[in-house]
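K.L.:
take a look and give me a structure for this.
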Amino acid sequence: MDIDAAPGSIVIDTADKYLYLVEGPHKARRYSIGVGRAGHSWHGRAEVGRKAKWPAWYPTDDMHAESPGLPKRIEPGLANPLGARALYLFANGKDTLYRIHGTTEPWTIGTEASSGCIRMLNEDVIELYDRVPVGAQVRIM
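P.N.:
Next up, the predicted model:
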């Protein structure tokens, strides 16, 4: 894939299930990802609005509608679906409610299983978290 983006940008190829961290002309780190299941995928542009280590998870209203027994908050830790790190995606200064995050279900990497967020292996999202600053541009295609 020819990636036309500035160094430090993230390009997400949802069809092939890869996330690319652009390092320079014709050079990028490639990570395998899990993406949104049918009806939950999205495309567009965003930026990393904030980052969190071992984040708490607050399921959205849509998630509660689909799974009524879901708690309002899941504490940080090994049982948290967001995994070890989360990068929060913002567009036009507002939280999109989409994340790039780790997972407690590594077997879902390479599949369409999420509610729209981008899942990574915990070791990969830890590396990405350390390499990407708040403000980094993200393109989801």
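K.L.:
low-confidence stretches in the chain?
P.N.:
1-2, 38-41, 64 (pLDDT under 70).
K.L.:
max-length helix in it?
P.N.:
helix 122-131 (DSSP state H).
K.L.:
and that one, what does it pack onto?
P.N.:
strand 18-24, strand 27-32, strand 85-91, strand 94-101 (3 or more Cβ pairs under 8 Å, 6 or more residues apart in numbering; DSSP states H and E). C-beta here means a position set from N, CA and C on the backbone, and glycine is covered the same way.
K.L.:
got the buried residues for it?
P.N.:
Neighbour counts over helix 122-131 (16 or more other Cβ atoms under 10 Å) mark Asn122, Asp124, Val125, Ile126, Glu127, Leu128, Tyr129 as buried.
K.L.:
isn't the third one up against Arg85?
P.N.:
Yes. Counting by Cβ atoms under 8 Å, Val125 touches Arg85, with 4.6 Å between them.
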